[in-house]
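> Fold the following for me, if possible:
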Amino acid sequence: MKTIINYILVFFFFFPNISLASKENPQASTPQKLNAEKIYKNVLQAYKNIKSYSYTNYQGGYDWFVKKALERAKSNYAPLISRYGNGYENGSNNHNNQSSEFKKGIYGYKFLKPFNIQMALVESDYVPSILNNSVLTYRPDKNPKTFKFYPRASSFSLTRSIYEESGNFLTMNWTVDLLMMQLQHENGTLRLAEKEKVDGRDCYVLEFSFKKDREPFIIKQNLKSHGIPIDINPQICISLFDFIKKKLSKVKYWIDNNKFIIVKIEEYIDDKFYSSKEYRNIKINNLSLEDF
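So this is what the prediction gives:
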């Protein structure tokens, strides 16, 4: 017993700075508590270390769908619709232009930095149902002004301009989400809400709120530093200006509390739910250029 006590005394003599967790030193076993600002910065930093990712994007909202958008899509893909039909006869899509109707879409998404994109259109209320199960691929190293459209997993492809209606898929990624988050950080008030689970993930909930009488302003983003091709800049700017047009009262972000990635976003107008995006089946650094 005496020998054991002597060893303990020697240990603390040579290592005087080591202390045990106790009532006098409660922080020794307590993790650091993060505030909203620190979580926000962690999200921006975490994305810098991500080279590629894939997820299933479940999104929807009110007032997104308009008749003109559908007519443009029908016009762009007239040869396909003429060959296969518009898909409305099976009742899968119900476009009655009622503003109170909730519209939804499900998309498989792949992204490889700096800006290679592939999206599988699983199901969507925003386009003719003939386009369901199609794949869109953007390779700016081949042609930054166009993307390839593969109808219903077909072996043949159509070349489309990035400025067409369907070119909106180029902004459905975390790069644009983070640009939007930075814009909202500059224009709103940030707070940390109660933690919640999303698709089995423990999440912090960041909430940006905006005053009605404050005019939002666009921060000067260096889009090139985010790897965004210059030809995509117009679509990015339209997405950012859309934040101003919608006059949102608040936006909520669900952040994975381990990886600090965005797993869900909700927008509110007059504090009433307006739209949402949820990312499931997330995989990080799992892709190469051969996947596109």
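> Only C-alpha atoms from now on, for both contacts and neighbour counts.
Will do.
> Who are the contact partners of the nearest residue to Phe208 once chain neighbours are set aside?
Take Phe208 and drop its neighbours on the chain: the residue closest to it by CA to CA, 6 or more residues apart in numbering is Leu190, 4.6 Å away. Shown in contact with Leu190 (CA atoms under 8 Å, 6 or more residues apart in numbering): 36-37, 206-209.
> Show me the two of these that sit farthest apart.
Glu37 and Ser209 (14.1 Å; CA to CA).
> So for these two, which sits in the more crowded spot?
Ser209 (19 against 13; other CA atoms under 10 Å).
> correct me, but the more buried one touches Lys250?
Yes: counting by CA atoms under 8 Å, Ser209 touches Lys250, with 4.2 Å between them.
> Now the residue most central in space within the chain. Its backbone dihedrals?
Relative to the mean C-alpha position of the chain, the nearest C-alpha, by CA atoms, centre = their mean, is the one of Trp174, at 4.2 Å. Main-chain dihedrals, Trp174, degrees, to the nearest 10: phi -70, psi -30.
> what's near enough to touch it?
Counted by CA under 8 Å, 6+ apart, Trp174 has contacts Ile262.
> Show me where the protein has its strands.
52-62, 102-112, 116-124, 134-138, 146-150, 158-161, 189-198, 201-209, 250-256, 262-269, 272-284 (DSSP state E).
> Out of those strands, which gets nearest to Leu178?
The nearest among the strands of the chain, by CA to CA, is strand 262-269 at 8.9 Å.
> in the stretch 1-150 of the chain, which segments are predicted with low confidence?
Scanning the stretch 1-150 of the chain for pLDDT under 70 picks out 1-32, 63-100.
> try the stretch 151-292 of the chain
In the stretch 151-292 of the chain, residues with pLDDT under 70: 153, 216, 218.
> again, only using 90
152-156, 164-166, 187, 211-225, 238-247 (pLDDT under 90).
> any idea how far Arg280 is from Val205?
Using CA to CA, to the nearest Å, one obtains 17 Å as the distance from Val205 to Arg280.
> more neighbours, these two?
Val205 (23 against 17).
> nearest spatial neighbour of the more buried one, skipping sequence neighbours?
Trp254 (4.6 Å).
> I figured the one you found hits Leu206, correct?
Yes: the pair Trp254 / Leu206 is scored as a contact, 6.5 Å apart, by CA under 8 Å.
> For those two, indicate the residue with more neighbours.
The residue with more neighbours, out of Trp254 and Leu206, is Trp254; 25 against 22, by other CA under 10 Å.
> Specify the beta-bridge partners of the more buried one.
For Trp254, the beta-bridge partners are Val205, Lys264 (DSSP bridges).
> roughly how far apart are the residue nearest to Phe208 and Leu183?
From Leu190 to Leu183 the distance is 12 Å (CA to CA).
> same question, Glu196
24 Å.
> Distance of Lys41 relative to Ile261?
For Lys41, the distance to Ile261 - CA to CA - is 11 Å.
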